[in-house]
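> coords please:
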Amino acid sequence: MRGTYRVPVHSPVPPSAGMGEEEDEDKFVNRPCYEFNPALLPSWNDRRCEHCRHYLTSRCPHIDEFLDDVEDLSPE
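The predicted model follows:
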């Protein structure tokens, strides 16, 4: 009988892991203003804007770009 490996339930996996829309998401990665949000698990420090301390706040220099992206998803 072979043993199986199980991933622990508490295993921290970043929410963006496994997402396939990389073309659009690449523009929100590795920006020079990135500052990791310490309220998140250290393993989530992947330099994505969604994990930045200033994401969707008035301190974000790209807030207009994020809001434009949200408006594009709104039904007409």
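> so Asn45 versus His62, what's the distance?
Using C-beta to C-beta, to the nearest Å, Asn45 is found at 19 Å from His62. (Each C-beta comes from the backbone N, C-alpha and C, glycine too.)
> likewise for Asp46?
17 Å.
> those two - which one has more neighbours?
Between Asp46 and His62, counting by other C-beta atoms under 10 Å, His62 is the more crowded of the two (18 against 14).
> would you mind measuring from that one to His51?
14 Å.
> residue ranges with poor pLDDT in the chain?
1-25, 70-76 (pLDDT under 70).
> all helices of it, in order?
22-25, 63-73 (DSSP state H).
> ok, for Glu61, nearest residue in space, not its chain neighbours?
One correction, residue 61 is Pro, not Glu. Excluding the flanking residues, the one nearest Pro61 by C-beta to C-beta, 6 or more residues apart in numbering is Cys33, at 5.5 Å.
> what about that neighbour, neighbour count?
Cys33, neighbours per other C-beta under 10 Å, totals 12.
> ditto for Lys27
As a burial measure, Lys27 scores 12 neighbours (other C-beta under 10 Å).
> against Asp69, how distant is it?
Taking C-beta to C-beta, one finds Lys27 at 9 Å from Asp69.
> and Glu50, by the same measure?
Distance, Glu50 to Asp69, by C-beta to C-beta: 12 Å.
> those two: which has the busier surroundings?
Taking neighbours as other C-beta under 10 Å, Glu50 and Asp69 compare with Glu50 leading, 17 against 13.
> many thanks, have a good one.
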